[in-house]
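Visitor: Here is a sequence together with a model predicted from it:
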Amino acid sequence: MLDPAPTTKIDPSLARGTLAEVHGPTATNPAYLVVTFPNTDYRIHLRPFGDDLGPFEGKVGEKVIGRVRARARRLDQVGTGGRFVEPTFGRPRRIQGMVRAIVGGENAVLVNAGVPVHLIVTAPGQSADQFKEDDFLTCGVLDGATFELAE
């Protein structure tokens, strides 16, 4: 069952979710969080920002607000399609959505993909300044998307 979306306003660059699981590092995998988001079936696996699980200890099941950051392989403009993070369960591999802001200092674009995501531009020859608000973008995402708690 989907939880209804909260109605209180927050900074549109922040994602509001629920911390579903916390997984410590293993010999073959880094630490990661499982975060769910209101009005979606998403159970997205995100690494804690700075690889520090400390701020998330004891918060399983609690609401969390923070920034989702991902490194885009290459940003491409598209004319059709929906807003999504793919796959629904697991680490983000593909993201599509509408540009809400350009974050020049980070060389990133803030995309509404059902969840606000800061997409950091990594492709040679591309920069965040090439895009503008309301562009509809799609991209593959490199491993290592992060979640940083907002203080």
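Guide: That came through, no problem. Not measured: the values here are computed from a predicted model.
Visitor: What is the distance between stretch 24-37 and the centre of its chain?
Guide: Shown here is stretch 24-37, whose average C-alpha point lies 15 Å from the average C-alpha point of the whole chain (CA atoms, centre = their mean, to the nearest Å).
Visitor: nope, stretch 29-49 is what I meant
Guide: Using CA atoms, centre = their mean, the offset of stretch 29-49 from its chain centre is 9 Å.
Visitor: quick one: contacts for the residue nearest the centre of the chain?
Guide: With the centre of the chain defined as its mean C-alpha position, the nearest residue by CA atoms, centre = their mean is Val68, 3.4 Å away. Under the criterion of CB atoms under 8 Å, 6 or more residues apart in numbering, the neighbours of Val68 are Ala15, Ile44, Leu46, Val115, Pro116, Val117, His118, Ala145, Thr146, Phe147. Glycine gets a C-beta too; all of them are placed from N, C-alpha and C.
Visitor: List the buried residues in stretch 14-29.
Guide: Within stretch 14-29, the residues scored as buried using 16 or more other CB atoms under 10 Å are Leu14, Ala15, Arg16, Gly17, Thr18, Leu19, Val22.
Visitor: And stretch 36-54, by the same measure?
Guide: Burial within stretch 36-54, assessed by neighbour count using 16+ other CB under 10 Å, is assigned to Thr36, Phe37, Thr40, Tyr42, Arg43, Ile44, His45, Leu46, Arg47, Pro48, Phe49, Leu53.
Visitor: Tabulate those (TSV), appending distance to Arg94.
Guide: Rendered in TSV, the data for those read as follows (distance: CB to CB, whole Å):
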residue	distance to Arg94
Thr36	19
Phe37	17
Thr40	15
Tyr42	13
Arg43	16
Ile44	12
His45	14
Leu46	15
Arg47	18
Pro48	22
Phe49	22
Leu53	27
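Visitor: can those residues go into CSV with extra columns for pLDDT?
Guide: Putting the buried residues of stretch 36-54 into CSV (pLDDT from 0 to 100) gives the following:
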residue, pLDDT
Thr36, 96
Phe37, 94
Thr40, 90
Tyr42, 95
Arg43, 97
Ile44, 97
His45, 98
Leu46, 98
Arg47, 97
Pro48, 97
Phe49, 94
Leu53, 94
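Visitor: any idea how far the residue lying farthest from the centre of the chain lies from Ala128?
Guide: What lies farthest from the middle of the chain is Ala27; by CA atoms, centre = their mean that is 25.3 Å. With distances taken as CB to CB, to the nearest Å, Ala27 is found 36 Å from Ala128.
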